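Student: generate coordinates for the sequence data below:
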Amino acid sequence: MTELTRISLTVPHDLGGLRMDVALQKMLPEHSRSRLQAWIKEQLVTIDGKTTTAKTKVWGGEQIIVLPQAAPEMHAYMAEDIPLEIIYEDDHILVINKPAGMVVHPAVGNWNGTLLNALLHHHPAIKEVPRCGIVHRLDKDTSGLLVVAKTLAAQTSLVRQLQARTVKREYRAIVWGQIWRNGVIDQPIGRDPRSRTKMAINKSGKPAVTRYEVLERFSVHTYLRCNLETGRTHQIRVHMQFLKAPMVGDNVYGFRGIVPIRAMTMTLREAVDDFNRQALHAVKLGLIHPETNEIMEWQIELADDMKALLEAMRHEDVKDEGFDEPSPYDFGVDENGLYIGDDDELDDFDDEDMLEESNDEDDEA
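Tutor: Numbering: from 1, shown residues only. Modelled structure (predicted):
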């Protein structure tokens, strides 16, 4: 954060008896109480030359020095030299392979280091396009293909394609449980009424359709191809939770008490434990070029960490390490081979709401 002009204050006697943070807000009404409390906690506020706490009482006449810091959101639209893996670029669009761990658009808790900051450095003129050309998103810990518009005309075209559901998006996912057949999940998604930072199957939500196909089935996992017909916030993750086949590494939409430890070799346990994100990768993207009207499609390889996880699963051999043949109870599955368990109500994730005022498509995964 950038330091602003130092502020010197004398506490008026009519504020005597108030807490430090309350008195400070009355003297500096242009700043929120939470921000003033943060400055006090960071020891940027002194009273008579000494650091203080928010609860300290003032009595009037004390000398207060405040070293204010610029709000982090003031830097949200600053260019940053962040490497981008560019799959395709011309004068109109940019297709990027987003790494896991990168936030697409600045928001609370992630005001810098985002894809938007990187785009401003790579192509400064993109600042003239609303939201720097971002028309759809991937979750922070989802990797893969994402398209960005470099002009207003391109952005308008891409938004319309997303609304018309003509943009083709294919994902690869690794989930818990043995899914035995291909299928379609047609369940509306909206805010979870129990936790505002989560999404859930919600009858009052927006329509959401995910098609899934089994690519490989392992002893306790399944590797899937997922195609989106809609693009709701956390759609694939919520739909996999609905199937009771939550995504490996998903600490938000997983389930408690279902990990079949006894059915896994030590090697596989370690591989799963070391995988610290949801196992979801946007592998294919297809659209109509905004300028040429040409049908274009890009496909990339699976992310390296997901490749390694799959290899660990392919080499899994329970009998070689002396484990008993696992039972359905070990897997926590129902008669259809899908996992059962209680919802994990963790809510400490980056909520990346899509910009619904101009685009009905939300964060996709």
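
Student: tell me the predicted confidence for Phe323.
Tutor: Note on Phe323: pLDDT of 39.

Student: can you check Met247 too?
Tutor: 92.

Student: quick one: contacts for it?
Tutor: 173-176, 236-237, 240, 253-254, 278-280 (Cβ atoms under 8 Å, 6 or more residues apart in numbering). Heads up, the C-betas are built off the backbone N, CA and C, glycines and all.

Student: at 10 Å instead, please
Tutor: 142, 173-176, 224, 236-237, 240-241, 253-254, 277-280, 365 (Cβ atoms under 10 Å, 6 or more residues apart in numbering).

Student: Trp59 now?
Tutor: Trp59 neighbours (Cβ under 10 Å, 6+ apart): 11, 13, 15-18, 23.

Student: which of these are buried? Put it as a ChimeraX command.
Tutor: In ChimeraX, this line selects whichever of these come out buried by 16 or more other Cβ atoms under 10 Å:
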select :11,15,18,23
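
Student: which ones among the contacts of Trp59 are found in helices?
Tutor: Using DSSP state H, the subset of the contacts of Trp59 located in helices is Ala23.

Student: just the contacts of Trp59: which are in strands?
Tutor: Judged by DSSP state E, the contacts of Trp59 include no members of strands.

Student: reformat the contacts of Trp59 as a markdown table; add pLDDT and distance to Pro246.
Tutor: Formatted as a markdown table, these follow (pLDDT from 0 to 100; distance: Cβ to Cβ, whole Å):
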| residue | pLDDT | distance to Pro246 |
| --- | --- | --- |
| Val11 | 95 | 54 |
| His13 | 93 | 60 |
| Leu15 | 93 | 53 |
| Gly16 | 93 | 56 |
| Gly17 | 94 | 53 |
| Leu18 | 95 | 49 |
| Ala23 | 94 | 49 |
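
Student: for His31, give its distance to Gln69.
Tutor: From His31 over to Gln69 the distance is 11 Å, taken as Cβ to Cβ, to the nearest Å.

Student: in what helix or strand does Val238 lie?
Tutor: helix 235-242 (DSSP states H and E).

Student: elements contacting that helix?
Tutor: strand 168-176, strand 183-186, strand 189-192, strand 195-201, strand 209-217, strand 221-228, strand 280-288 (3 or more Cβ pairs under 10 Å, 6 or more residues apart in numbering; DSSP states H and E).

Student: give me the buried positions along the first one.
Tutor: For strand 168-176, the buried set under the neighbour-count rule, 16+ other Cβ under 10 Å, comprises 169-176.

Student: again, but for stretch 228-241
Tutor: Buried, per 16+ other Cβ under 10 Å, within stretch 228-241: 228, 230-241.

Student: export only the CA atoms of it, formatted as PDB.
Tutor: Output in PDB follows, covering the C-alpha atoms of stretch 228-241 (Å, rounded to 0.1, in the frame of the first residue of the first chain):
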ATOM      1  CA  LEU A 228     -20.700 -26.600 -20.300                       C
ATOM      2  CA  GLU A 229     -23.900 -25.500 -21.900                       C
ATOM      3  CA  THR A 230     -24.100 -22.600 -19.400                       C
ATOM      4  CA  GLY A 231     -21.400 -20.800 -17.400                       C
ATOM      5  CA  ARG A 232     -22.600 -20.300 -13.800                       C
ATOM      6  CA  THR A 233     -20.300 -19.500 -10.900                       C
ATOM      7  CA  HIS A 234     -18.500 -22.700  -9.800                       C
ATOM      8  CA  GLN A 235     -20.800 -24.700 -12.100                       C
ATOM      9  CA  ILE A 236     -18.800 -27.900 -12.500                       C
ATOM     10  CA  ARG A 237     -17.800 -28.000  -8.900                       C
ATOM     11  CA  VAL A 238     -21.300 -27.500  -7.600                       C
ATOM     12  CA  HIS A 239     -22.700 -30.100 -10.100                       C
ATOM     13  CA  MET A 240     -20.000 -32.600  -9.100                       C
ATOM     14  CA  GLN A 241     -21.000 -32.100  -5.500                       C
END
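
Student: can you give the distance of that stretch from its chain's centre?
Tutor: Centroid separation for stretch 228-241 versus its chain: 13 Å, with Cα atoms, centre = their mean, to the nearest Å.

Student: ok, stretch 277-291 next?
Tutor: 16 Å.

Student: then stretch 83-94?
Tutor: 22 Å.

Student: stretch 153-170 now?
Tutor: On Cα atoms, centre = their mean, the centre of stretch 153-170 falls 21 Å from that of its chain.

Student: tell me which residues in it are buried?
Tutor: 154-155, 157-159, 161-162, 167, 169-170.

Student: which neighbours do His31 and Gln69 have in common?
Tutor: Common neighbours of His31 and Gln69 (Cβ under 10 Å, 6+ apart) are 38-39.

Student: on that earlier part again, for the buried residues of stretch 228-241, give me CSV that also has pLDDT and distance to Met247.
Tutor: Output for those, formatted as CSV (pLDDT from 0 to 100; distance: Cβ to Cβ, whole Å):
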residue, pLDDT, distance to Met247
Leu228, 91, 15
Thr230, 87, 18
Gly231, 85, 17
Arg232, 89, 16
Thr233, 88, 15
His234, 93, 10
Gln235, 94, 12
Ile236, 95, 8
Arg237, 94, 6
Val238, 94, 10
His239, 95, 10
Met240, 94, 5
Gln241, 92, 8
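
Student: for Val184, state which of those residues is nearest.
Tutor: His239 (9.8 Å; Cβ to Cβ).
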